[in-house]
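J.: with the input below, show me the fold.
(chains A and B)
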Amino acid sequence: GIQVEQSPPDLILQEGANSTLRCNFSDSVNNLQWFHQNPWGQLINLFYIPSGTKQNGRLSATTVATERYSLLYISSSQTTDSGVYFCAVELGGTSYGKLTFGQGTILTVHP
Amino acid sequence: EAGVAQSPRYKIIEKRQSVAFWCNPISGHATLYWYQQILGQGPKLLIQFQNNGVVDDSQLPKDRFSAERLKGVDSTLKIQPAKLEDSAVYLCASSWNSGGGGGTQYFGPGTRLTVL
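T.: Next up is the predicted model:
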C-alpha cells in the first residue's frame, strides 16, 4: 500500500517562531488533507489540497503532486497551535475517499 | 451547521465483553467512515459507507467487529468480544461525496475505549 511519511516527528518552538512540516508519499494520489489534532483529540481540517498552494491566516500549505510531497507552513506560532499535525492521502479509482494517514508531527509551542 | 456527533465519549470494559459506538454524521453527507486510532499513531480506516452500502471494509476485523448504517444516516460500530489490543480512540467522519473524490472529511470527537 501507499506509504506516507511525515517529518519531523517532533518539533518544539517558542511562541512567535515559524515552522515547516513535510509530508512525503510514495504513489500518485487523488487528494491530500492536512489535519490538526488538538490536545483533546479532536481532528480539525486545515487544508484540502491535491495540488498548488492555499493559505488560511497564519497557515499555508503547498502540494507538489508530481514530486509527491506536501508542506505545511505555520508562521508566528501560538501556544494554541500545539498538538499533532497529520497529513492524509486519498488514492483515486476504487479507493476514493479512503484516507491513509502519516504518523504525525507533534508540535509543542512554549510561551 | 452541527458537526459529527459521537457517543459515548469514553468507555471502559473488561476483555471479552461487548461494546457499541454510535455516530451521527453531518446532515446531507452521504459518506461515513469509522477509523481506529491507537495511541501514538495516525487513524486507520476500518469501514467506509456510501449511503447505507459498504464501500470498503478491508481493514475491519470481521471476526469481532461489525458496523451498520441503517437508513443511510447514523451508524453503529460494535466489538464483540473485545480484546486488550482494541483499546484505542474510535473516530467517525463524514463527507459530501461529489462523485469525483471522497471530499473533505469532517471528524467527530471520538470515543476513547479502554479494555481491561
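J.: from here on, just use CA atoms for contacts and neighbour counts.
T.: Will do.
J.: gap between the residue positioned nearest the centre of chain B and B:Cys23?
T.: The centroid of chain B falls nearest to B:Trp34 when counting by CA atoms, centre = their mean (2.6 Å). B:Trp34 sits 9 Å away from B:Cys23, going by CA to CA, to the nearest Å.
J.: about what we covered before: only the buried residues of whichever strand or helix holds the residue nearest to the centre of chain B, if you could.
T.: Counting by DSSP states H and E, the element that carries B:Trp34 is strand B:31-37. Neighbour counts over strand B:31-37 (16 or more other CA atoms under 10 Å in any protein chain shown) mark B:31-37 as buried.
J.: per-residue confidence for A:Gly41?
T.: We have a pLDDT of 89 for A:Gly41.
J.: again, but for A:Thr94
T.: A:Thr94 is given a pLDDT of 66.
J.: thinking again about what came up before, so which elements touch the strand holding B:Trp34?
T.: strand B:44-50, strand B:88-95 (3 or more CA pairs under 8 Å, 6 or more residues apart in numbering or on different chains; DSSP states H and E).
J.: hang on, the earlier thing: list residues touching both of B:Trp34 and B:Cys23?
T.: Common neighbours of B:Trp34 and B:Cys23, using CA atoms under 8 Å, 6 or more residues apart in numbering or on different chains, are B:Cys92.
J.: backbone dihedrals for B:Gly72, both of them.
T.: B:Gly72 adopts backbone torsions of phi 70, psi 20, taken as degrees, to the nearest 10.
J.: was I right about it contacting B:Asn52?
T.: Yes. The criterion here is CA atoms under 8 Å, and B:Gly72 meets it with B:Asn52 at 4.2 Å.
J.: around chain B, pick out the residues from chain A.
T.: A:30-31, A:33, A:41-45, A:48, A:86, A:90, A:92, A:96-104 (CA under 8 Å from any CA of the partner chain).
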